[in-house]
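Participant: take this sequence and fold it.
(one chain, ligands or ions: 1)
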Amino acid sequence: MPEKINSEYLLRLKNSPLPAKPLVSFEFFPPKSEEMEEKLWKSIKKLEALHPRFVSVTYGAGGTTRERTHKTVVRILQETSLKPAAHLTCVGATRAEIDEIAHEYYAAGVRHIVALRGDAPAGSGKYQPYPGGYDYASDLVKGLKKIGDFEISVAAYPETHPEAVSPEADLDNLKRKIDNGATRAITQYFFDAELLLNFLDRARKAGITVPIVPGIVPISNFRQLVKFSAACGASIPKWVEELLADLDNDPETHNMVAAIIASEQCRILSAAGINEFHFYTLNRADLTYSVCHLLGLRPARG
Ligand code: FAD
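Facilitator: Numbers count the residues shown, from 1 in each chain. Coordinates of the predicted model:
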């Protein structure tokens, strides 16, 4: 870890109190096999004890997990005390088909949708709106609002979405999503707290007043993270790489370091007045649970 950052971090940590009672939410993806399903449910049960505000379930690229996402969301609603949010994208479906999915969620009692554009299926080039579909997330938000009184969350990009023509245009797009009815933005993951704080500043100046919840990814697999980050435009600072170097074959140490990286990030943000975090759990409870513990969250206190 470079000297400059090291001392800066220590100083900030020293001065940053634990958040009084952080508000958290957890993101899962729908399982592909029975084995993965078992692992997911163990994770859901463990994290349920921390009383998250909501838990969300992603929608596979190209709409490939329509059934699995629905099944997981409805099971969470029926078998736990948690409030589930279903991710939904515009990819590969007409408006009528997407509306039908939303009606099904509403009928099942699901009241929170994370509305996204989605990406073109791998290898198929640039995103193209589907004929007769919703073109962008802002259109989807508008459509969902006509279907039911959904709570709607949308995506935000501290480092700007890679396809945006400019950071300003990307913020205009975020504002459009809010103006169309979304009440919360969840950010793409990032590692430098400054990036998020600068983004919040720009968003407030652009007139965006709804909560913008930082998306936090506790790193379970550095190589996978590098691959994913190249595609989604999130940068990985050198200090993160250096902290996790040579730990590929030492999962125990890797996880301890990863938990500390994520909890330091949250503590720096909480020192700046942020007290709500959305965790990309990757269906693993261990890392996210440790980070929440380091932030002072306990099952008994909720
Ligand atoms: P949009 O808000 O529609 O923006 C996409 C791009 O288009 C931006 O560059 C924007 O500036 C530009 N744009 C918007 N409107 C216009 C317009 N009218 N004309 C020209 N350009 C425009 N993906 C999944 O497949 N499934 C998931 O479950 C999923 N969950 C996610 C959860 C979170 C919290 C985040 C941050 C991302 C998630 N993603 C998911 C990834 C997301 O689908 C991609 O990042 C996608 O590339 C953009 O989605 P969006 O909703 O931000 O799109």
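Participant: give the contact list for the nearest residue to residue 168 once chain neighbours are set aside.
Facilitator: Computed as Cβ to Cβ, 6 or more residues apart in numbering, the closest residue to residue 168 that is not its neighbour in sequence is residue 206, at 8.0 Å. The way it works is simple: take the backbone N, C-alpha and C, and place the C-beta from them, glycine included. If you count contacts by Cβ atoms under 8 Å, 6 or more residues apart in numbering, residue 206 has them with 168, 171, 172, 174, 175.
Participant: mind checking how far residue 206 is from the ligand?
Facilitator: Residue 206 sits 13 Å away from the ligand, going by Cβ to the nearest ligand atom, to the nearest Å.
Participant: please list all residues in contact with the residue positioned nearest the centre of the chain.
Facilitator: The centroid of the chain falls nearest to residue 215 when counting by Cα atoms, centre = their mean (4.6 Å). For residue 215, the contact set (Cβ under 8 Å, 6+ apart) comprises 27, 186, 187, 188, 189, 190, 278, 279, 280.
Participant: for these, which two are the farthest from each other?
Facilitator: 27 and 190 (15.1 Å; Cβ to Cβ).
Participant: torsion angles phi and psi at residue 245?
Facilitator: Torsion angles at residue 245 (phi, psi; degrees, to the nearest 10) stand at phi -60, psi 140.
Participant: ok, residue 127 next?
Facilitator: Taking degrees, to the nearest 10 as the convention, residue 127 sits at phi -60, psi 130.
Participant: same check on residue 152?
Facilitator: Per-residue torsions, residue 152: phi -120, psi 130 (degrees, to the nearest 10).
Participant: leaving out chain neighbours, which residue sits closest to it?
Facilitator: Nearest to residue 152 is residue 182, by Cβ to Cβ, 6+ apart, at 4.4 Å.
Participant: just checking, that neighbour touches residue 115?
Facilitator: Yes: contact criterion Cβ atoms under 8 Å: residue 182 and residue 115 qualify, at 6.7 Å.
Participant: hang on, the earlier thing: got the contacts of residue 215 as CSV, with pLDDT, neighbour count and secondary structure columns?
Facilitator: Shown next, in CSV, are the contacts of residue 215 (pLDDT from 0 to 100; neighbours: other Cβ atoms under 10 Å; DSSP: H, G, I helix; E, B strand; the rest coil):
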residue, pLDDT, neighbour count, secondary structure
27, 98, 23, strand
186, 98, 24, strand
187, 98, 22, strand
188, 98, 19, strand
189, 98, 25, strand
190, 98, 23, coil
278, 98, 27, strand
279, 98, 27, strand
280, 98, 22, strand
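Participant: can you tell me how far residue 263 sits from residue 38?
Facilitator: 28 Å (Cβ to Cβ, to the nearest Å).
Participant: if we can go back for a sec, give the residues shared as contacts by residue 182 and residue 115.
Facilitator: Jointly contacting residue 182 and residue 115 under the rule Cβ under 8 Å, 6+ apart are 141, 152, 153, 154.
Participant: which ones among these map onto helices?
Facilitator: Residues of the shared contacts of residue 182 and residue 115 located in helices (DSSP state H): residue 141.
Participant: relative to the ligand, which of the shared contacts of residue 182 and residue 115 is nearest.
Facilitator: residue 154 (6.2 Å; Cβ to the nearest ligand atom).
Participant: what's the distance between that closest one and residue 258?
Facilitator: From residue 154 across to residue 258, the span is 27 Å (Cβ to Cβ).
Participant: ok, residue 158 next?
Facilitator: Using Cβ to Cβ, one obtains 20 Å as the distance from residue 158 to residue 258.
Participant: and stretch 43-58, average pLDDT?
Facilitator: Average pLDDT, stretch 43-58: 98.
Participant: what's next to that stretch, contact-wise?
Facilitator: By Cβ under 8 Å, 6+ apart, stretch 43-58 touches 23-30, 65, 69, 72-73, 76, 80-87, 112, 114, 153, 276, 278, 281, 283-285, 288-289, 292, 297, 299, 302.
Participant: out of those residues, which are buried?
Facilitator: Buried members of the contacts of stretch 43-58, counted by 16 or more other Cβ atoms under 10 Å: 23-30, 65, 69, 72-73, 76, 82-87, 112, 114, 153, 276, 278, 281, 283-285, 288-289, 292, 297.
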